[in-house]
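**Student:** Build me a model from this:
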Amino acid sequence: MTSNNIANANTPGYNRQAVVLSITSPLEMGNGYMGMGVTVDGITSSTNRFIQAQMVDQEQNVGMSNAMNQTLSQVEQIFNEAQNVGLSTPLTDYFNAWSDVASDPTSQTPRTVLLQKAGVLVSSAQTMETNILQALNQTTTGVDDDVKQVNSIATQIAALNGEIVKTEAGNTGVKANDLRDQRDQLMNQLSNLVGNASFEDQNGALTVTVGMQNLVAGTKASTLSTAMDQNGNKQLVLDGTNITSNVNNGQIGGLLAAGSEIQSGPLFGLRKLIASVTKEVNLLHESGSGLDSSTGNNFFNPLQLSTENYSSGANITASIANLSQVNLDEYSIGFDAGGNYTVTDKQTGTVAATGAYTSGNSISFDGIQVTITGGVTSADSFVVSPLTNAIKNFGVAISDPNKVAAASVAGDLPGDNSNALQIAQVSGTTIANLGNSTFSDYYSGLVSGIGSASQAASDNSTFNQNLLTEITSQRDAISGVSLDEEAANLIKYQRAYEAGAKMISITDELLQTVINL
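**Tutor:** Presented below is the predicted three-dimensional model:
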């Protein structure tokens, strides 16, 4: 065992082994008993199951915190105002440009600069959304990759279960130490990927559960797979059961949690900010007049509603009927068995509208008009959102500086700057759609929110990694191979063999002397 221990000194997961010796039954002589040396009773492994269980649990925490730290820190860089890569400067410059127009409403130069600053604001917002979506897509891809690894490890654990049971079958007392070490190491790897629980049966086979469903049972390994729900979120499926809500640890749990936090936090917030800017500016701009006396012009591309259809036989169209009444929340539309519809604000949970459903009839709520045609059931649902495409469709609707509506009424042209002043002052006005925050305050809240979440994830990752290192050190102190100790054993065994050889040599000399007499 000493040579085996030395050979595996650097093998991950290897537990030091030792030979268990006992006295061989002595030989009965005429005047007593003569010792017959020792016999090998077995080979033990220096495994501490309590520490191994701690390692498995801590690997889950490390996988979770590392995944969240890596993902959220990436999103934090998108909002890195210290490096001027965020939205704060373009947003401020845009509204300052309106102040410049108000200072000189008859000049073409400030109007041209305004359109340029608006273009920078548009490109900055779209770049940020693209980067956030890329980070979100990486979480989705990461889950798919990790699921493949989970299935591979599960297959290996199931195979080792069969070998261990076969090796330890019967009452021989033989332990499959090397196979158990391999299985423990696979369990550590599995735990880093996904939260799990396990127990060993009386035959030595390990059952592993993920999300309260069996991933490994004896020699059978089930297949973990992924799917997308109606909201575009990644789902985990095991044995036909959706276990997503029960997977709260490991790298997969971390990626799912990070993805959810990105969607509900910075992505949602950024889209709502841009939608609010579009709404407030367009409402004022279309009421004003340009140098060419034109009116009713949107400054930015008008908001467009997106819809999601989760019905097998119905269709939906949606449009904005009154922009001033739109509160920039998302809505879900569901039906009961009696054919009545309910429109629910997804952000507040309040009911926006109810009524009896009639195919083709308009459903109006909060400045939005929806028309659903076709048969519906209680299993059908729809989602209406003014935010999903708010940044995608964000753009400057006018290109002619003369159409910049700096004046409130055409009769006061060309020197009227009252409308430009109102739009410039919007930047410092609290907006109801943004929780009574100004644009800059709302954006600052987004920046500080993602910064705090990223810092918390970093601190948690450092803590969990340090704790795992400490547990690993404890495990190595008990189960690891000490080359100094093994070297001492080699010397001890060498001296024992030398003593045995000396005894045989003396016995041989005595026999030779007797024979030669």
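**Student:** thinking residue 223 is in contact with residue 150, fair?
**Tutor:** No: using CB atoms under 8 Å as the test, residue 223 is too far from residue 150 to be in contact (9.4 Å). To be clear about C-beta, it is placed using only N, CA and C from the backbone, and glycine gets the same treatment.
**Student:** Quick one: the strands in the stretch 151-300 of the chain, in order.
**Tutor:** 197-200, 206-210, 213-217, 220-221, 224-228, 234-238, 241-242 (DSSP state E, counting those that start in this stretch).
**Student:** Report the angle between the second one and strand 213-217.
**Tutor:** Using axes from the mean of the first three to the mean of the last three CA atoms, to 10 degrees, the interaxial angle of strand 206-210 with respect to strand 213-217 works out to 150 degrees.
**Student:** where in the protein is pLDDT low?
**Tutor:** Applying pLDDT under 70 to the chain flags residues 1-22, 27-28, 30, 32-47, 82, 171-173, 230-231, 477-490, 492-498.
**Student:** Scan it for its longest helix.
**Tutor:** helix 108-168 (DSSP state H).
**Student:** and the angle from it to strand 213-217?
**Tutor:** Going by the same axes, to 10 degrees, helix 108-168 makes 40 degrees with strand 213-217.
**Student:** which stretch among the strands of the stretch 151-300 of the chain comes nearest residue 450?
**Tutor:** With CB to CB as the measure, strand 234-238 is the member of the strands of the stretch 151-300 of the chain nearest residue 450 (20.7 Å).
**Student:** The closest one packs against which elements?
**Tutor:** Where contact means 3 or more CB pairs under 8 Å, 6 or more residues apart in numbering; DSSP states H and E, strand 234-238 is packed against helix 108-168, strand 224-228, helix 250-262.
**Student:** switch the cut-off to 10 Å
**Tutor:** helix 108-168, strand 206-210, strand 213-217, strand 224-228, helix 250-262 (3 or more CB pairs under 10 Å, 6 or more residues apart in numbering; DSSP states H and E).
**Student:** What angle do helix 108-168 and the one helix or strand residue 462 maps to make with each other?
**Tutor:** Using DSSP states H and E, residue 462 sits in helix 439-479. Angle of helix 439-479 versus helix 108-168, following the same axes, to 10 degrees, is 20 degrees.
**Student:** I'd assumed residue 273 was in contact with residue 443.
**Tutor:** Yes: here residue 443 lies in contact with residue 273, judged by CB atoms under 10 Å, at a distance of 5.9 Å.
**Student:** circling back to that earlier point, neighbour count: residue 223 and residue 150, which is higher?
**Tutor:** residue 150 (25 against 13; other CB atoms under 10 Å).
**Student:** Quick check: the gap between the more buried one and residue 84.
**Tutor:** Distance, residue 150 to residue 84, using CB to CB, to the nearest Å: 42 Å.
**Student:** and the helices and strands packed on strand 234-238, which is most packed in?
**Tutor:** helix 250-262 (a mean of 25; mean count of other CB atoms under 10 Å).
**Student:** okay, that one in CSV with CA atoms only?
**Tutor:** Extracted in CSV, the C-alpha atoms of helix 250-262 (Å, rounded to 0.1, in the frame of the first residue of the first chain):
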residue,chain,number,x,y,z
GLY,A,250,-24.4,24.7,-8.0
GLN,A,251,-23.2,26.4,-11.2
ILE,A,252,-26.4,25.8,-13.0
GLY,A,253,-28.4,27.3,-10.1
GLY,A,254,-26.1,30.3,-10.2
LEU,A,255,-26.5,30.8,-13.9
LEU,A,256,-30.3,30.6,-13.7
ALA,A,257,-30.4,33.0,-10.7
ALA,A,258,-28.0,35.4,-12.5
GLY,A,259,-30.1,35.3,-15.7
SER,A,260,-33.3,36.0,-13.8
GLU,A,261,-31.6,38.9,-11.9
ILE,A,262,-30.4,40.4,-15.2
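**Student:** Off-centre distance for it?
**Tutor:** Centroid displacement of helix 250-262 relative to its chain, using CA atoms, centre = their mean, to the nearest Å, is 2 Å.
**Student:** what's the angle from it to strand 224-228?
**Tutor:** Going by the same axes, to 10 degrees, helix 250-262 makes 10 degrees with strand 224-228.
**Student:** Show the end-to-end separation of stretch 366-383, please.
**Tutor:** 15 Å (CA to CA, to the nearest Å).
**Student:** What residues of that stretch count as buried?
**Tutor:** 366, 368, 370, 372, 376, 380-383 (16 or more other CB atoms under 10 Å).
**Student:** thinking again about what came up before, out of the strands of the stretch 151-300 of the chain, flag the one nearest residue 292.
**Tutor:** strand 224-228 (49.2 Å).
**Student:** can you state the direction angle for that closest one and strand 234-238?
**Tutor:** Using the same axes, to 10 degrees: strand 224-228 against strand 234-238 is 140 degrees.
**Student:** All good on my end, thank you.
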